[in-house]
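Q: coords below, sequence missing:
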């Protein structure tokens, strides 16, 4: 979850809201890659989730990274709730999952180096205190009651609200993990094309990265239960956003959409003020019940944009949000997939050609089918496996065209980061299929074996 913003100019004109988004436009030479991933922590002897406090806890891991690896602390209400270093930050998901929000980097080589260094540091601390971390889309065994709520004001507010607006909100907060990538755009037209491709192909990412076939100790009959949870979260702030595909879509249309998403909070003086269900439009008029007479700052708008959770999200960059958390290799494959599709214009045009004839029913149908069937999904005459095959091929071509070398020039481009996805395309199997094979085979139905087999 995002770190709260503060300050910024007062909002005196609604045009400032679109201008804020537009200020993210950058020349291609300045486009960067920001990769985020989450993972569940647990005690190795009990296989139970980590509490916030104690000798084996989330706080102990954060303190170890702070004291042993040079991270600066982020505090809220006296609690250590995050870390920052070199443009990256480590934060906590509501149920204690640990998230790395990576620095904006130029290449996938750098992104993968960052991920590798982070996981090595986390393992160094975790091994010393008897803790493990595992990358999955959903907690395979733990119940809601077993998951602690981290001491962040934002989460306390969200937790109460989630139970009123959907059936799976608190499950999302406590028991899901993702890997995502944040990417830049050059202009409004470039943003529009990228966001449309991102939304349309997000189900392909869901299928390729599907890694949550278990929940509460049982097979759930979905390849991505995480995706199922997000589909039953809160209709006001999730989904595939058909309006993005309408003529005339741009920054102003996103503003209109975001203004109608109910608020969660306003952040003032280090505290979260309850604005649950209230209207940012009223805030603009100085009529917000939570802060009567006050009008918002740009930081309030930036915070509000972080409370919107569609499959792809627009801020001053675009977030790709459809993938389950997973194995080490796929933490690098996810940014590679999207960079290949969107950072080369020929590839971006080819990706748009692949999806431009789909209607909203097809896009939504693929979203649902990906969650259930992974690469075996089919909607009408659209085969997920075939779309994935073409999308990975387009991404490979895009990465090859980028020609960003690594390892001091020994590796000519970034295409090898797609190897895990190519293997899935060739075999028709995704991580969830592998997990189910183990569960029904050598694990003999003992789901606790997932921790030893799949921890980092």
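A: Sure thing, it's come through. The structure displayed is predicted, hence computed values, not measured ones. Numbers count the residues shown, from 1 in each chain.
Q: can you list the weak-confidence ranges in this protein?
A: Applying pLDDT under 70 to the chain picks out residues 1-7.
Q: what's the single longest strand in it?
A: strand 33-43 (DSSP state E).
Q: what's the spacing between that one and its chain's center?
A: Centroid displacement of strand 33-43 relative to its chain, using CA atoms, centre = their mean, to the nearest Å, is 10 Å.
Q: Packing partners of it?
A: Where contact means 3 or more CB pairs under 8 Å, 6 or more residues apart in numbering; DSSP states H and E, strand 33-43 is packed against strand 98-101, helix 108-129, strand 131-134, strand 178-183, helix 328-342. For every residue, glycine as well, the C-beta is placed using N, CA and C.
Q: Give the other helices and strands that the first one contacts.
A: Under the contact criterion of 3+ CB pairs under 8 Å, 6+ apart, the helices and strands touching strand 98-101 comprise strand 33-43, strand 88-92, helix 108-129.
Q: Pull out the buried positions in the longest one.
A: For helix 108-129, a neighbour-count test (16 or more other CB atoms under 10 Å) marks 108-112, 114-115, 118-119, 121-122, 125-126, 129 as buried.
Q: Please apply the same query to stretch 408-416.
A: Here stretch 408-416 shows 413, 414, 415, 416 as buried, counting by 16+ other CB under 10 Å.
Q: Please tell me how far that stretch is from the chain's geometric centre.
A: On CA atoms, centre = their mean, the centre of stretch 408-416 falls 26 Å from the chain's centre.
Q: now swap in stretch 102-111 and tell me
A: With CA atoms, centre = their mean, you get 16 Å for stretch 102-111.
Q: Any idea how far apart the tips of it sit?
A: For stretch 102-111, the first and last residues are 8 Å from each other (CA to CA, to the nearest Å).
Q: Show me what it is in contact with.
A: 32-36, 86-88, 114-115, 118, 182, 332, 335-336, 339, 399, 404-407, 411, 414, 417 (CB atoms under 8 Å, 6 or more residues apart in numbering).
Q: Of the residues you listed, keep whichever come out buried.
A: 32-36, 88, 114-115, 118, 182, 332, 335-336, 339, 399, 404, 406, 414, 417.
Q: Kindly list the main-chain dihedrals of the closest residue to residue 215 other than its chain neighbours?
A: Excluding the flanking residues, the one nearest residue 215 by CB to CB, 6 or more residues apart in numbering is residue 225, at 5.0 Å. Dihedral angles of residue 225 (phi, psi; degrees, to the nearest 10) stand at phi -70, psi -30.
Q: what's the answer for residue 380, then?
A: Torsion angles, degrees, to the nearest 10, at residue 380: phi 60, psi -130.
Q: wouldn't it be in contact with residue 365 here?
A: Yes: using CB atoms under 8 Å, residue 380 is in contact with residue 365, at 7.5 Å.
Q: The two: which has the busier surroundings?
A: A direct count of neighbours by other CB atoms under 10 Å for residue 380 and residue 365 places residue 365 higher, at 19 against 11.
Q: So the more buried one, which state does it fall into?
A: Here residue 365 is helix, with the state taken from DSSP: H, G, I helix; E, B strand; the rest coil.
Q: Right, I'll leave it there.
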